[in-house]
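K.L.:
what follows is a predicted protein model with its sequence.
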Amino acid sequence: MPKLVIDGPYGAPAQDYKNYEVILLVGLGIGATPLISILKDVLNNMKQQKDIEEAMVESGVKNNKRKPFATNRAYFYWVTREQGSFEWFKGVMDDVAEYDKDGIIELHNYCTSVYEEGDARSALITMLQSLHHAKSGVDIVSGTRVKTHFARPNWRSVFKHTALKHPGKRVGKY
């Protein structure tokens, strides 16, 4: 298993995330607000980088003196109790889902007021959610394109998955 060291927090939550190639963002309830700002910045930097690359191709310029944006992968886990909380950042989640065709930002919503997936008590909502998402591409719980999971994330699995996908890389955790 990878060794996980948690240190801090020190300073502003978003001050040095740009130094990491991979970032793991975990927001609980309204505490997701500063992390949404990071997501928006990553999305804006992706757009700028793409525009620069397209302009270089069109003009035939081969050398860009601008330092590229370091973050090339972001995972966002938002855990909240109430379904209505997803309305707060619906626009941002839809923007990410629409623009991020390369899958650089991975969004995960968790609603803890519903029993975990696989539990008989949540089977009906899980089935309805899957059918609605397959048919319309919109999650019935969050009202976004990001599918909502139930209960709390399995953090051991999340950390292991991140470590295995990015061996040898430092992952910024916020």
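P.N.:
Nice, I can see it.

K.L.:
any idea how far residue 77 lies from residue 31?
P.N.:
12 Å (Cβ to Cβ, to the nearest Å). The way it works is simple: take the backbone N, C-alpha and C, and place the C-beta from them, glycine included.

K.L.:
so which of these two has more stuff around it?
P.N.:
Comparing residue 77 with residue 31 by other Cβ atoms under 10 Å, the one with more neighbours is residue 77, at 21 against 13.

K.L.:
quick one: the strands in this structure?
P.N.:
Assigned by DSSP state E, the strands in the chain fall at 22-28, 73-80, 105-111, 148-150, 171-173.

K.L.:
okay, now the unreliable bits of the chain?
P.N.:
Low-confidence segments of the chain (pLDDT under 70): 8-15, 62-69, 115-118, 121-122.

K.L.:
what's the longest helix in it?
P.N.:
Scanning the chain for the helix with the most residues, using DSSP state H, yields helix 33-59.

K.L.:
report the distance from that helix to the chain centre.
P.N.:
On the basis of Cα atoms, centre = their mean, to the nearest Å, helix 33-59 sits 15 Å off its chain's mean C-alpha point.

K.L.:
OK, contacts around the residue lying farthest from the centre of the chain?
P.N.:
Residue farthest from the centre of the chain, counting by Cα atoms, centre = their mean, is residue 60 at 34.3 Å. Neighbour list for residue 60: empty [criterion: Cβ atoms under 8 Å, 6 or more residues apart in numbering].

K.L.:
residue nearest the centroid of the chain?
P.N.:
residue 76 (2.8 Å).

K.L.:
could I get stretch 83-93 in CSV with only the CA atoms?
P.N.:
Extracted in CSV, the C-alpha atoms of stretch 83-93 (Å, rounded to 0.1, in the frame of the first residue of the first chain):
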residue,chain,number,x,y,z
GLN,A,83,-29.5,16.5,-2.3
GLY,A,84,-30.3,20.2,-2.6
SER,A,85,-26.6,21.1,-2.0
PHE,A,86,-25.8,20.0,-5.5
GLU,A,87,-27.6,23.1,-6.8
TRP,A,88,-24.9,25.3,-5.4
PHE,A,89,-22.3,24.4,-8.1
LYS,A,90,-24.5,22.9,-10.8
GLY,A,91,-23.2,25.3,-13.4
VAL,A,92,-19.6,24.5,-12.7
MET,A,93,-20.1,20.8,-12.8
